[in-house]
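> show me how the following folds:
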Amino acid sequence: MENKRIPFLDLQRVNDSFEPELSEAIGRVVRSGWYLRGEALRRFERDYAGYCGTDYCVGVGSGLDALTLIFLAYRQMGLMQEGDEVIVPANTFIATILAVERAGLKPVLCEPSSRTCNLEAEDVEELIGPRTRALLPVHLYGRVADMDGLMELARNYGLKLVEDAAQAHGAMYTHSDGTLARVGALADAAAFSFYPAKNLGALSDGGAVTTDDEELADTVRALANYGSAEKYVHIYKGINSRLDEIQAAVLDLKLARLDEDNERRRRIAGRYLRGIDPARVGVRIDLPAMQNHVFHIFPLFTPLRNQLQEHLHACGVATQIHYPIPPHCQQAFQFEYGSLSLPLTERLHREELSLPIFPQLTNEEVQRVIDAVNSFGVC
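Now for the predicted structure:
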């Protein structure tokens, strides 16, 4: 066992930890003969809305679709028009920006905080203009953005506030008055991804929108079902984006253990924080408040990122980079952003390296990761 490679993520181990209940839940759906828009979906939507603390949850086909449908719904509701602007973090995964563009809106890229890697209100305010209609913070790595500051901005400027919560299932936020609220209920609407690698992951793609806005929820639900709220009656030009019954059943089962699994992620992160010697190894570990973090990703930052990754690979530790190329430098966006310079974003993407942190890692594996990082540049 000592020489066995430590994976960045082992989905087989993750899903095995839910057996035999996982296979039983799938089997019940298969035997039911009902595979879309059925009881399993209704149950999950009810349970996830209750978990997040919102009135509504709408299951959809992916996290990208969830974000896109929110903005398409706002356009359908007459609150936004083609070409209106949405301020987004420049260092996000490309799906955040794709969703805004798919809805016919214009993403405005904002440099993040160098400490949290998330949007900060003072940086966002500088970019608000006459066509700004929404702010779209991303709770990157499972860290909750500065929501109090962004909420105040949204109120002062009459903007919609939408959470990209694709990496932050279960994260809590402590408001300035000391009250707690969960991600998904911190804005006008939130979008989640249930991609298998997420803290709450399905066995395929999946996503959801959470909100307290009944009109928004109804519009998203209809848009995601070919624009139809009643069979063969189409009130919008919609799309096909539905969370199927098997994925809903799997997610409902896993939801019951989400807080426990997130706590295990925090314990692993705590061991990394106590065990890794940043000064000796030459890495930065920028960490916001522990209680507001569900550690979807545990990132290190170093100018020697590629060398460190090669070293860890040689030590039998798999890592990933989130993300190697910033969105504005991608070929897909060369027309919109080809001449844009965002030095902080570019540095973060150049230096980031993610360590393994899924709940089924053993303490022995965690210690091996720590030892491998601490041996960088020594042996």
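
> if you skip the residues just before and after it, what's nearest to residue 229?
By the measure of Cβ to Cβ, 6 or more residues apart in numbering, the closest residue to residue 229 outside its immediate chain neighbours is residue 222, 4.4 Å from it. To be clear about C-beta, it is placed using only N, CA and C from the backbone, and glycine gets the same treatment.

> then residue 59?
residue 243 (3.1 Å).

> ok, that neighbour touching residue 208?
Yes: shown here, residue 243 and residue 208 form a contact pair, counting by Cβ atoms under 8 Å, at 6.9 Å.

> overlap in contacts of these two?
Contact criterion Cβ atoms under 8 Å, 6 or more residues apart in numbering; residues bridging residue 243 and residue 208 by contacting each: 59-60, 194.

> could you list the low-pLDDT ranges of this structure?
Residues of the chain meeting the criterion pLDDT under 70: 1-3, 287-291, 378-379.

> select the longest helix from it.
Among the elements of the chain assigned as helix by DSSP state H, the one spanning the most residues is helix 258-275.

> what sits up against it?
Outside of helix 258-275, the residues that reach it under the criterion Cβ under 8 Å, 6+ apart are 51, 142, 169-171, 199-200, 285, 287, 290, 293-296, 298, 355, 357-359, 361, 363, 366-367, 369-370, 374.

> got the contact list for the nearest residue to residue 304 once chain neighbours are set aside?
Among residues not flanking residue 304 along the chain, residue 282 sits closest, at 6.3 Å (Cβ to Cβ, 6+ apart). The neighbours of residue 282, taking Cβ under 8 Å, 6+ apart as the test, are 302, 304, 376-377.

> so of these, which ones are in helices?
Taking DSSP H as the definition of helices, the contacts of residue 282 contribute nothing to them.

> these, buried ones only, as a PyMOL selection?
A single PyMOL command selects the buried members of the contacts of residue 282 (16 or more other Cβ atoms under 10 Å):
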select buried, resi 302+304+376
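
> could you work out the most separated pair of the contacts of residue 282?
Pairwise distances across the contacts of residue 282 peak at 10.4 Å for 302 and 377 (criterion: Cβ to Cβ).

> now do the shared contacts for these two.
Taking Cβ under 8 Å, 6+ apart as the contact rule, the neighbours common to residue 302 and residue 377 are 281-282.

> what ranges do the strands span in the stretch 51-200 of the chain?
Under the criterion DSSP state E, counting those that start in this stretch, the stretch 51-200 of the chain contains strands at 56-60, 85-89, 106-110, 132-135, 160-164, 172-174, 180-182, 189-193.

> so the residue nearest to residue 229 is in which element?
helix 214-223 (DSSP states H and E).

> what's that helix packed up against?
Counting contacts by 3 or more Cβ pairs under 8 Å, 6 or more residues apart in numbering; DSSP states H and E, helix 214-223 packs against strand 56-60, helix 63-76, strand 207-211, strand 228-230.

> now the angle from that helix to helix 63-76?
Here the directions of helix 214-223 and helix 63-76 differ by 120 degrees (axes from the mean of the first three to the mean of the last three Cα atoms, to 10 degrees).

> and residue 202, how many neighbours does it have?
Residues within reach of residue 202, counting by other Cβ atoms under 10 Å, total 23.

> wait, doesn't it sit right on residue 196?
Yes: applying Cβ under 8 Å, one finds residue 202 in contact with residue 196, separated by 6.2 Å.

> only alpha carbons, please: show the helix holding residue 222 as CSV.
As requested, C-alpha coordinates have been extracted for helix 214-223 and formatted as CSV (Å, rounded to 0.1, in the frame of the first residue of the first chain):
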residue,chain,number,x,y,z
GLU,A,214,-41.7,32.2,-7.8
GLU,A,215,-41.9,33.9,-11.2
LEU,A,216,-38.2,33.2,-11.9
ALA,A,217,-38.6,29.5,-10.8
ASP,A,218,-41.6,29.0,-13.1
THR,A,219,-39.9,30.7,-16.0
VAL,A,220,-36.7,28.6,-15.6
ARG,A,221,-38.8,25.4,-15.3
ALA,A,222,-40.7,26.2,-18.5
LEU,A,223,-37.7,27.4,-20.5
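
> what comes into contact with it?
In this structure, residues lying in contact with helix 214-223 by Cβ under 8 Å, 6+ apart are 55-56, 58, 60, 69-70, 72-74, 76-77, 188-189, 209, 211, 228-229, 235-236, 238-239.

> give me the buried subset of those.
Burial by neighbour count, judged by 16+ other Cβ under 10 Å, picks out 56, 58, 60, 69-70, 72-74, 76, 188-189, 209, 211, 228, 236, 238-239 from the contacts of helix 214-223.

> from residue 46, how far off is residue 25?
Here the criterion is Cβ to Cβ, to the nearest Å. By it, residue 25 lies 16 Å from residue 46.
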